[in-house]
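Enquirer: Sequence and predicted structure, then a few things I'm wondering about:
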Amino acid sequence: MQGVLLITALLACCFCQQIRTRPTDLPDKFFRCICKIESNCNPSIGCVNDPVTLSCGPYQIKEAYWQDASELPGEHIGGRLEDLYHRSDNMSCSKKVMLNYFQRYGRYCTGTTPESTTEVRPPRLQTLQHGWLLGQSVPLPG
């Protein structure tokens, strides 16, 4: 499932930009879908070792994305990624990380139609090759 969260997050950024929706207005169904795919919505999953880095929490967030989200001006989350998921409110903290990430990178959406919303170029994410959202193939620019 590597990349599912990231692809979904980037598409959400673009969706928000295109219809002028704030990330906080994304439906709960959107977050439940990611949570279900990544961890079966297990709030106590902790961190899992992927081939390259840790993925933590119910949304299986990687440290680079957590760091980006935690550096949103005025929204410092604090601590380390691993600490975040030992808190009793890890589900809400995880969602906050995602919302901050959407808010931070929404401006990189260059698509002008729903079909072109995968044209996102955040600085750290230029090595993506493919992904999927809700069971559909989503081609990304190479």
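Expert: Alright, I've got the coordinates.
Enquirer: Quick one: residues contacting residue 91.
Expert: Counting by Cβ atoms under 8 Å, 6 or more residues apart in numbering, residue 91 makes contact with 35, 43, 58. Using the backbone N, CA and C atoms, a C-beta is placed for each residue, glycine as well.
Enquirer: ok, 6 Å please
Expert: Contact analysis of residue 91 by Cβ atoms under 6 Å, 6 or more residues apart in numbering lists 43, 58.
Enquirer: Over to it. Which of the three states is it?
Expert: Following DSSP: H, G, I helix; E, B strand; the rest coil, residue 91 is assigned to helix.
Enquirer: quick one: residue 99 and residue 50, what's the gap?
Expert: To residue 50, residue 99 is 23 Å away according to Cβ to Cβ, to the nearest Å.
Enquirer: which of the two has more neighbours?
Expert: More crowded of residue 99 and residue 50, by other Cβ atoms under 10 Å: residue 99, with 20 against 12.
Enquirer: what about that one, which SS state?
Expert: At residue 99, secondary structure determined by three-state DSSP is helix.
Enquirer: how far away is it from residue 27?
Expert: Applying Cβ to Cβ to residue 99 and residue 27 gives a distance of 13 Å.
Enquirer: so where's the protein uncertain?
Expert: Judged by pLDDT under 70, the chain has its weakly predicted residues at 1-25, 75-79, 83-89, 106-142.
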